[in-house]
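Asker: predicted structure and sequence below. I'll ask about it afterward.
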Amino acid sequence: IQHADPIAGWLAARGVPRLLRLPPEPPAPTVPEAHGHVLVVGMNAMGRRVVDALVAAGEQVIALDSDLAKLRGRPCRVLHGDIDDLHLLEGAGLDRARLVVTALQIEPVNRLLAFRCRERGVPCIVHAFDGSLVPDLERLGVDHLVDSKMQGNRRVVSILAEEGIARP
């Protein structure tokens, strides 16, 4: 429970006995000296390709996923956990990241991550798997939004133009 200790202290000061002592919160996993890095969230096929491309380009990368198996063998530093845990994002150096890329296909989590990035002034790239949520992500101020359907449509038109079938 967030703020349990201050609330318990306030109650104790007013004579209410402490009935339950909560265990201390474990420290968030951290990546020491992370600064100017790219944080890639979600190690699905797209996330893994992004990590591999960034590492090949010489970028400092931190991969984050809630599935330990997906983090194994990544050619960069990794953190295990859920991004709805603010402590985990702090441990990943969100405030010091140069860029955040999310490959997650969980739209509420993508919106939360976009909000947290905007709050901290960290640019982010969000892949909108559900095009109906593009307006929400735009309102959140996502710096770079990839709409699969829109990008696919542009590519098809481009191919048609290359083949001399249609003009872009």
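Answerer: Thanks, I have it.
Asker: secondary structure class for Ala63?
Answerer: What DSSP: H, G, I helix; E, B strand; the rest coil gives for Ala63 is strand.
Asker: so what's the residue count around it?
Answerer: If you count neighbours by other CB atoms under 10 Å, Ala63 ends up with 26. (C-beta placed from N, C-alpha, C; glycine too.)
Asker: please renumber so the chain begins at 737
Answerer: In the new count, where the first residue is 737, that last one comes out as Ala799.
Asker: quickly list what it is bridged to.
Answerer: Val776, Val814 (DSSP bridges).
Asker: do a quick rundown of the strands in the protein.
Answerer: For the chain, applying DSSP state E gives strands covering 774-777, 797-801, 813-816, 835-838, 860-864, 880-883.
Asker: centre of the chain to stretch 809-824, how far?
Answerer: 9 Å (CA atoms, centre = their mean, to the nearest Å).
Asker: in that stretch, which residues are buried?
Answerer: 810, 812-815, 817, 819, 824 (16 or more other CB atoms under 10 Å).
Asker: do stretch 822-842 as well
Answerer: 824-825, 827-830, 832-833, 835-840, 842.
Asker: check stretch 798-810 too.
Answerer: Buried residues in stretch 798-810 (16+ other CB under 10 Å): 798-802, 806-807, 810.
Asker: where does the protein have low pLDDT?
Answerer: Along the chain, the parts satisfying pLDDT under 70 run over 737-740, 744, 747-748, 752-768, 885-886, 888-889, 891-893, 895, 899, 901-904.
Asker: can you give me the helices in it?
Answerer: Applying DSSP state H to the chain gives helices spanning 740-749, 781-792, 804-807, 822-827, 843-856, 870-875, 884-898.
Asker: ok, which of the ones you listed comes nearest Gly772?
Answerer: Closest approach to Gly772 among those (CB to CB): helix 781-792, 12.5 Å.
Asker: what's the closest one packed up against?
Answerer: The contact analysis (3 or more CB pairs under 8 Å, 6 or more residues apart in numbering; DSSP states H and E) places helix 781-792 against strand 774-777, strand 797-801.
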